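**Q** Just to be clear, the model below is a prediction. Sequence and coordinates:
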Amino acid sequence: MTYMKYLALMIFAFIFVSCTSTTEPTAEDELITILEQSKKTLDSAVAIIFDDATKAGNKILAANFDEAQTRAELKAILSKHSTVLEVVFVDAKSVMTYVEPETYKSSEGVDISSQEHQIEMTTKSKNAMSGIFKLVENFYGVVVAAPIISNGTYMGSVNIVIRPDQFISYYTDVFVANKVDDFWVMETNGNILHDTDPTQTGRNLFTDSLYLPFPTLKTAGNSIIQGESGKTNYSFLDKTKNKTVTKDVWWRTSTYFNKTWKLSIVKERI
């Protein structure tokens, strides 16, 4: 074969491959894109919440903990974030001193020194997030806490309360609504912070009676907790809860200071 014939054959092969190959995203690519968009947006929202808590704490410190100024800073956070239910100034002894909105004013004076996030924050003088738990206000939520530090001394904190299911859906529904079979977020202890099916929010993947008949779900949960990202599958009830189906799940991990959330997107096999 002459060089010119060889060159012509190579050019033809290149054109053929180029014309017959595709760069169109697969269904799996699209699901992963949705998952990563959701993660990016949620990470940004959490970062902003922490940042606003820190800024409010600095202003409260500059005003020498004046009550009027402190309450004004707490209300400003409420006004800015529709997903925030409550904002609290906690004093150096971990007592809820000022609480906004007024709906939760009865919580003022409550000692929260035994709460997980409060211990984490006061011990390390760093931002901290709680797991989902029942607050003194009698609902389940997550607390974002930012310490107020002056010359190395802990002076109190600004604590922001969210309901994780509402918070997560507010920022991710734009990506996942009507586009996936399920989207759920789990803590590393198995507590479900959010699920597209609201009846599952607040359950524990490893202990709740709803999940116990499905051992592959527990296996998948362990894989999700142990891996930074990946894909696995499990068997569970379909959307109608009338039959068992196999579901593929892709996940990503978000870490917020002392807490880790596992974001999972699900597609039922046909």
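**A** On my side now, so go ahead.
**Q** I'd like to know which elements the top strand by length along the chain is packed against.
**A** Of all segments of type strand in the chain, defined using DSSP state E, the longest is strand 244-256. Applying 3 or more C-beta pairs under 8 Å, 6 or more residues apart in numbering; DSSP states H and E, we find strand 244-256 packed against helix 27-62, helix 215-226, strand 230-237, strand 259-268. Just so you know, the C-beta spots here come from the backbone N, C-alpha and C atoms, and that holds for glycine as well.
**Q** so Glu100 touches Glu86, yeah?
**A** Yes - here Glu100 reaches Glu86: they are 7.1 Å apart, a contact under C-beta atoms under 8 Å.
**Q** Of the two, which one has the most company?
**A** Between Glu100 and Glu86, counted using other C-beta atoms under 10 Å, the more crowded position is Glu86 (24 against 21).
**Q** Can you report how many residues neighbour Ser82?
**A** Neighbour number of Ser82 under other C-beta under 10 Å is 10.
**Q** ok so, going back, outside of the longest strand of the chain itself, list whatever touches it.
**A** Outside of strand 244-256, the residues that reach it under the criterion C-beta atoms under 8 Å, 6 or more residues apart in numbering are 28, 31-32, 35-36, 39, 42-43, 46, 50, 129, 181-182, 214, 220, 224, 227-238, 260-269.
**Q** Restricted to buried residues, select those residues in PyMOL.
**A** In PyMOL, a selection of the buried entries from the contacts of strand 244-256 looks like this (16 or more other C-beta atoms under 10 Å):
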select buried, resi 31+32+35+36+39+42+43+46+50+129+181+182+214+220+224+232+233+234+236+237+260+261+262+263+264+265+266+267
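**Q** picking that back up, what strands flank the longest strand of the chain, and is each parallel or antiparallel?
**A** strand 230-237 (antiparallel), strand 259-268 (antiparallel) (DSSP bridges).
**Q** quick one: which of these is nearest Thr54?
**A** Thr54 lies closest to strand 259-268 among these, at 16.8 Å (C-beta to C-beta).
**Q** and the angle from the closest one to helix 215-226?
**A** 140 degrees (axes from the mean of the first three to the mean of the last three C-alpha atoms, to 10 degrees).
**Q** returning to that earlier point: of the strands paired with strand 244-256, give the one that comes closest to Ala56.
**A** Comparing the strands paired with strand 244-256 by their distance to Ala56 (C-beta to C-beta), the top pick is strand 259-268, with 20.6 Å.
**Q** still on that earlier bit, can you show me the CA trace of the longest strand of the chain as PDB?
**A** The C-alpha coordinates for strand 244-256 follow below in PDB (Å, rounded to 0.1, in the frame of the first residue of the first chain):
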ATOM      1  CA  THR A 244     -40.800  -4.200  45.300                       C
ATOM      2  CA  VAL A 245     -38.500  -2.900  42.600                       C
ATOM      3  CA  THR A 246     -34.800  -2.600  42.000                       C
ATOM      4  CA  LYS A 247     -33.400   0.900  42.200                       C
ATOM      5  CA  ASP A 248     -30.100   2.400  41.100                       C
ATOM      6  CA  VAL A 249     -28.600   5.100  43.300                       C
ATOM      7  CA  TRP A 250     -25.800   7.600  42.700                       C
ATOM      8  CA  TRP A 251     -24.400   9.600  45.600                       C
ATOM      9  CA  ARG A 252     -22.100  12.500  46.500                       C
ATOM     10  CA  THR A 253     -20.800  13.700  49.800                       C
ATOM     11  CA  SER A 254     -21.000  17.200  51.400                       C
ATOM     12  CA  THR A 255     -19.100  18.000  54.600                       C
ATOM     13  CA  TYR A 256     -20.100  21.000  56.700                       C
END
